[in-house]
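Peer 1: sequence and predicted structure, then a few things I'm wondering about:
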Amino acid sequence: MAAPAIRTQALTKRYGRTLALDDLELRVERGEAYGYLGPNGAGKTTTIRLLLGLHRPTSGSAELAGFDAWRDAVSAHRRAAYVAGEPFLWPALTGAETFAYLERLRGGVDRAYRDVLVERFQLDTSRKVRALSKGNRQKVQLVAAFATRADVLVLDEPTAGLDPLMEMAFRETVREAKERGQSVFLSSHILSEVEAVCDRVGILRAGRLVDEGTLTELRHLKTRTLDVTFAGTPPRLDGVAGVTTVSGGAHTLHIETDGDLTPLLHALAEHDVVGLESREPTLEEVFLHHYDGHAS
Amino acid sequence: MRASARRAFADSRVRNGAFTLLFAVYAYANAVGYRRTYATAASRIAFAHAFGDNAAVRLFYGVPHDLLTVGGYCAWRVGGIATVIASVWGVLAAVRALRAEEEAGRTELVLAEPVGRLSVYAGALAAIAAGAAGLFLGLFAGLVGGRLDAGGAAFLALAVVSPVPVFAGVGALASQVAPTRRLALELGIAVVAVAFLLRVVADTASGLGALRWLTPLGWAELLRPFAGPRPIVLLLPALVGSALVAGAGAIATRRDVGNGLLPDNANRRARLQLLGSPMQLDLRSERGTLTAWGVGVASYALVVGLLSTSLTTGALSANLRRALEKLTGSASLTPAAALGLYFSFFVVAISAFTCSQVAAARREEADGRLETLFAQPVARRRWLAGRIALGAAGVAGLALLAAVFAWAGAASKHAGVSLPHLLEAGANCIPAALLFLGLGALAYAALPRAGTGIAYGVLSVAYLWQVLADLVGAPRVLRDVTPFRHVALVPAQPFRPAAAALMLAVAVLAVGCALRVFERRDLAV
């Protein structure tokens, strides 16, 4: 069995007095797609810089594709590809020239697949990067990264600037990568994107991993949402055990609960309920639950 | 407008401060130096006589009107060089405040606020005016510190900064025309070069003095500070500067933000040469800069070679003059001695080139491209070593160009200096330049954000210290700190292998440390 795609052990990073990352323990298996969620400033990009050996851990260690991220960065990068949140490219090169340069640095990519991706992302490769919009520069990065067919894909908010159609193209490409057995590390604050492509999710807040699990596991842990419609004026339910949030309109209530539903159902039974809808939380709601009052 | 002016002024405070300090020290050193070296009237007359009507010196400093007073001497020595530097400063300041901001996308942000196009443009220019006022004050303080009378010093300082409105206008116009910072700078500096060339021709070729009226650098001479001042000439730079600034402003308020008048050929067939390695791409990106340096050094070397037969000692700085009189025992110089002196200029110029290479390396990191590069299987050591090797190759190439073109010029005047001798003079520039390259690389590796400033700072201090150490009577140990003291005036003096070896050893050591330090630090955007 190969080493995990990504592994960090007690990974800690300080910038001066700021603690950017605190004792991070991550493990992403081969072939797995891992969603890395957190609000701005939680430490997602710091994690990625440490994984790529761009910054040096204050303590602890990071491994990428089985190599120490700092000491064996070059070996690790032969087996990994990276898409940055901000597309920093060479403004005087065209897309095609950028591809040629990155290909030669790496020593070869899947050109046929690159052509497929250029088509899929509708990229004009004869245009200088300087003249491209942010979304199009992002496409240059995405095409270059996926065309490497690298074992591990490290993606830092890769769809920022893409339109919804291109976002679909991105998801399709990630699924293809997974089918080929590539590992994906996807940092994001777009929850639907993570929900659509990832097997497992870690939630980062202020430099600490506050939760981790498969989507199913996280759903078990978290809230349940009820939308209730009443014949008359909705009752006040704030004091009922297990109820965390109530909001509503003239005849409806939106209720989020935490744990046992029995007290709530007892309370509702005393009123004239004409409709009741209960569902699992979306990842958005899981996320808000963790960052309640802290999200930026 | 006030907010954008403040922002632009704050952005350029380091560079403005450095230029201001340089002007103050240079002005002070010349005033004090002349007074000390030529204390008596007799010695001044001898100096003025020895200077005679020397074309070679006019090339650098322009025409002297009065060499018998400290003021007249300063007007010539300080005015001649500082006006050129002030002109370059004007272009740099305008391109930075206008085109560089626009290229970075910040102008777009500012214009999205409730401010007008004209007020943003005017704010940038107000910041340049404030910077120019700083240059004026620096010069004034240096001259008054050198015990010149305040009125005369103020007028001389005014004459020195008089080309600034014109060249800030040129920079502003270039920023409207060119779609990129780089092209705007190249256009602006080219105009300075033409203005300088016009002054050189006007000052050195007989019968063409009227050409002085065609160049802002000539106008500064025509103001005649300390030699029958003619303030009326100030109208010329004021009018031309205003016209350029107004013209550029008219364009700035009418065109699309982010574009220039020249089209940026955004679409093209892929050009795949020089994409094989980071070093090749660096060479590709720096092609324009390298070409510009090459053309500059080659043309200057050619002129220097042509003039090598007409130099006398009178025009030299007091230190050099004494050194040379010891060396040659006469007041007139052999062409070989003249070339030795001129090549001491190339030592400094090629050292400055290495600072520009340090700056280019830092820009790669500051713009985030190094993150993209180092996410590829590319070792940091490989990139930085390649970057330094490219700088070193540039140094060697410039030294070779200087030698060959100086030889071509000298040979056409039958100066009798052989090509091997001039190749030796060129090679003599290399150790000092590589020393500054190594130190600059180390500064960049250890303190990325300050690296460029340190590189230019070390070079400036080393150069100024060579001038100042004698004036302040520093002990020998301290005087010997600057590398420029240990560069022989080849071909006039024999090459000093020990000093060269020491400089190379320090350079190698510094590069070694730089590579180690660079491998161990966080990338800093």
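Peer 2: Looks like it came in fine.
Peer 1: centre-most residue in chain B?
Peer 2: Among the residues of chain B, B:I85 comes closest to the average C-alpha position under Cα atoms, centre = their mean, at 6.4 Å.
Peer 1: pLDDT (mean, whole number) over stretch B:405-423?
Peer 2: Mean per-residue pLDDT for stretch B:405-423: 93.
Peer 1: let me redo that: stretch B:271-283
Peer 2: 94.
Peer 1: which of the residues in that stretch are buried?
Peer 2: For stretch B:271-283, the neighbour count (16 or more other Cβ atoms under 10 Å in any protein chain shown) marks B:L274, B:L275, B:S277, B:P278, B:M279, B:Q280, B:L281, B:D282, B:L283 as buried. Yep, even glycine has a C-beta here, placed from its N, CA and C like the rest.
Peer 1: could you find the closest non-adjacent residue to the fourth one?
Peer 2: So the one you mean is B:P278. Closest residue to B:P278 apart from its sequence neighbours, by Cβ to Cβ, 6 or more residues apart in numbering or on different chains: B:W383 at 4.7 Å.
Peer 1: and the one you found, how many neighbours does it have?
Peer 2: 21 (other Cβ atoms under 10 Å in any protein chain shown).
Peer 1: also the one 10 residues further on?
Peer 2: Residue crowding around B:A393 was assessed by other Cβ under 10 Å; the count is 13.
Peer 1: make sure A:L186 is indeed in a helix.
Peer 2: No - A:L186: not assigned to a helix; according to DSSP: H, G, I helix; E, B strand; the rest coil it is strand.
Peer 1: distance from the strand or helix carrying B:V461 to the middle of the chain?
Peer 2: For B:V461, the host element (DSSP states H and E) is helix B:451-471. Mean-position distance between helix B:451-471 and its chain equals 13 Å (Cα atoms, centre = their mean, to the nearest Å).
Peer 1: hmm, B:G218 and B:V233 touching each other?
Peer 2: No - judged on Cβ atoms under 8 Å, B:V233 makes no contact with B:G218 at a distance of 9.6 Å.
Peer 1: what does the helix holding B:V461 contact?
Peer 2: B:14, B:18, B:22, B:25-26, B:29, B:32-33, B:36, B:317, B:319, B:348, B:351-352, B:354-355, B:358-359, B:362, B:436, B:439-440, B:443-445, B:447, B:474, B:478-479, B:481-485 (Cβ atoms under 8 Å, 6 or more residues apart in numbering or on different chains).
Peer 1: quick one: residues contacting the residue of the stretch 101-250 of chain A found nearest chain B.
Peer 2: Nearest residue of the stretch 101-250 of chain A to chain B, counting by Cβ to the nearest Cβ: A:A131, 3.5 Å away. Taking Cβ under 8 Å, 6+ apart as the criterion, A:A131 is in contact with B:D264, B:A266.
Peer 1: now stretch A:6-26: average pLDDT?
Peer 2: 95.
Peer 1: how about stretch B:218-232?
Peer 2: Per-residue scores along stretch B:218-232 average to 93.
Peer 1: got it, and stretch B:173-186?
Peer 2: 92.
Peer 1: ok, now stretch B:493-509?
Peer 2: Average pLDDT, stretch B:493-509: 95.
Peer 1: now do stretch A:268-279
Peer 2: Rounded mean pLDDT across stretch A:268-279 is 87.
Peer 1: list the buried residues of it.
Peer 2: By neighbour count on 16+ other Cβ under 10 Å, the buried set for stretch A:268-279 is A:L268, A:H271.
Peer 1: can you measure across that stretch, start residue to end residue?
Peer 2: Using Cα to Cα, to the nearest Å, one end of stretch A:268-279 lies 17 Å from the other.
Peer 1: up against chain A, what does the stretch 301-450 of chain B have?
Peer 2: Neighbours of chain A within the stretch 301-450 of chain B, by Cβ under 8 Å from any Cβ of the partner chain: B:D367, B:G368, B:R369, B:E371, B:T372, B:L373, B:F374, B:A375, B:Q376, B:P377, B:V378, B:A379.
Peer 1: tell me the least confident of those residues?
Peer 2: Least confident entry in those, by pLDDT: B:D367, with 90.
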